[in-house]
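Student: Got a sequence here, can you build the structure:
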Amino acid sequence: MSLTIVDNKIGNDEKPCIIAEIGQAHDGSLGIAHSFIDAVAETGADAIKFQTHLAEHESTLDEPFRTDFSWEDDTRYEYWKRMEFTKEQWKGLAEHAREKGLIFLSSPFSKAAVDLLQSVDVPAWKIGSGEYKSDELVSYMADTELPVLFSTGMSTYEEIDEMTALLDSNDTPYALFQCTSKYPATLEEVGLNVLEEFRERYGCPVGLSDHTGSPHPAMAAISRGVDLLEVHVTFDRRMFGPDADSSLTFKELTTVVDHRDAVHKIDTNPVNKNEIAEELSETRALFSKSIAPAEELSAGTVITEDLITPKKPASGIPYDERDKIIGATLEDNVSPERLLTWDDIDA
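Tutor: Numbers count the residues shown, from 1 in each chain. Predicted coordinates:
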């Protein structure tokens, strides 16, 4: 299975699609959200992803904070409310991203958010790990006939089976992300082994959604042929917000993108060893060896194995042809500073 988002083909050994996850790093500031778009575009990443939270459609005053970080929100509901943008503001973010050559994505957490994002022409759905039981919401997204990118950070295999069966029943193209929903996750919890398990079990494009705050898992996943990669990003890990210490800096993201491009160039240019050896014929001659006298030898000397030695370059009698001159007689005096030639030998 493969899928396409805008002009990006995903799967089938295409270059991995790199998604920069902003999440709530903008802290409700529209200006900062736009600043993230400019910064992500400079890294060479393919896509930028936000989260579209509409408090009255997804939350209640009973919802606790995942982590107690906020200095200004008394409840999680108030926090989601402060994170909201209007439809026109989302439209502006989407247009800005596209102008910068980025795929614009945002994870919806309610049907109202799906409707809002569809109105600004989001090209695919990125479903967060917490929606592993949200069959109704996922079905609502699947009905749009857009591709689905599903993170499995909280899911068992049984739950993933149920979700993929739902998507298959709608003929919805999808990709699965290995993810560990800890902020930050440790390197021991990354689980790159799951990527191959997903490939074998579901036959779909696979991705890594990483929360370690380290570039190493992303680079390792790229080297293992991952199809998609999602990493949280921040201007600085000292910034305010629940995901800052789980994020990469833009300098680190640029390094990951460069690694992606280099690995893709290597993987898509297989080398023919015989052709390379032919191209290196002059270099091979410099490093290969010919027959040279082991010491000063006089004309009339009968050549024996101990009187010759291999020396560079390969412009004389090849050393692997030494059997042809063993027992022959020298025609001239020869020095160990020069290679033997056929003219030196009475063959």
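Student: So, low pLDDT: which residues of the stretch 201-347 of the chain?
Tutor: For the stretch 201-347 of the chain, the stretches flagged by pLDDT under 70 are 347.
Student: What is the burial count for Ala185?
Tutor: Other residues near Ala185 number 20, with proximity taken as other C-beta atoms under 10 Å. To be clear about C-beta, it is placed using only N, CA and C from the backbone, and glycine gets the same treatment.
Student: Wait, a helix at it?
Tutor: No - counting by DSSP: H, G, I helix; E, B strand; the rest coil, Ala185 falls outside a helix, being coil.
Student: Ala299 versus that one, what's the distance?
Tutor: Ala185 sits at a distance of 79 Å from Ala299 (criterion: C-beta to C-beta, to the nearest Å).
Student: so who does Gln325 touch?
Tutor: One correction, residue 325 is Ile, not Gln. Contacts of Ile325 were listed using C-beta atoms under 8 Å, 6 or more residues apart in numbering, and they are Ile291, Ile303, Ile308, Ile317, Leu340, Ile345, Ala347.
Student: ranking the residues you listed by neighbours, who comes first?
Tutor: Going by other C-beta under 10 Å, Ile291 tops these with 24 neighbours.
Student: Could you report the neighbour count for the residue nearest to Phe250 when sequence neighbours are not counted?
Tutor: Nearest-residue entry for Phe250: Ala39, 5.1 Å, with adjacent residues in sequence omitted and distances by C-beta to C-beta, 6 or more residues apart in numbering. Look at Ala39: counted by other C-beta under 10 Å, it has 20 neighbours.
Student: Need the per-residue pLDDT for Ala39.
Tutor: On the pLDDT scale, Ala39 is placed at 98.
Student: returning to what we had before: which one of the contacts of Ile325 is nearest Leu248?
Tutor: The shortest approach to Leu248 among these belongs to Ile291, at 58.5 Å (C-beta to C-beta).
Student: circling back to that earlier point, name the element the residue nearest to Phe250 belongs to?
Tutor: Per DSSP states H and E, Ala39 falls inside helix 30-43.
Student: packing partners for whichever strand or helix holds Ile276?
Tutor: Per DSSP H and E, Ile276 falls inside helix 273-279. Packing contacts for helix 273-279, counted by 3 or more C-beta pairs under 8 Å, 6 or more residues apart in numbering; DSSP states H and E, involve no helix or strand.
Student: Dump that helix to CSV, restricted to CA.
Tutor: Taking Å, rounded to 0.1, in the frame of the first residue of the first chain, the C-alpha atoms of helix 273-279 are listed here in CSV:
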residue,chain,number,x,y,z
LYS,A,273,31.4,-3.1,-8.3
ASN,A,274,32.8,-4.1,-11.7
GLU,A,275,31.9,-0.7,-13.2
ILE,A,276,33.5,1.2,-10.3
ALA,A,277,36.7,-0.9,-10.6
GLU,A,278,36.8,-0.1,-14.3
GLU,A,279,36.4,3.7,-13.5
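Student: and stretch 265-275, how far out from the chain's middle?
Tutor: 20 Å (C-alpha atoms, centre = their mean, to the nearest Å).
Student: now do stretch 321-341
Tutor: Its chain's average C-alpha position is 57 Å from that of stretch 321-341, according to C-alpha atoms, centre = their mean.
Student: check contacts around the closest residue to Ser214 other than its chain neighbours.
Tutor: Leaving aside its sequence neighbours, Ser214 sits nearest to Leu187 (C-beta to C-beta, 6+ apart; 6.8 Å). For Leu187, the contacting residues are Thr212, Ser214, His216, Pro217, by C-beta under 8 Å, 6+ apart.
Student: ditto for Pro336
Tutor: Contacts for Pro336 (C-beta under 8 Å, 6+ apart) come out as Ala292, Pro293, Ala294, Glu295, Glu296, Thr309.
Student: what would those look like in CSV with neighbour count?
Tutor: Shown next, in CSV, are the contacts of Pro336 (neighbours: other C-beta atoms under 10 Å):
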residue, neighbour count
Ala292, 20
Pro293, 22
Ala294, 15
Glu295, 11
Glu296, 11
Thr309, 15
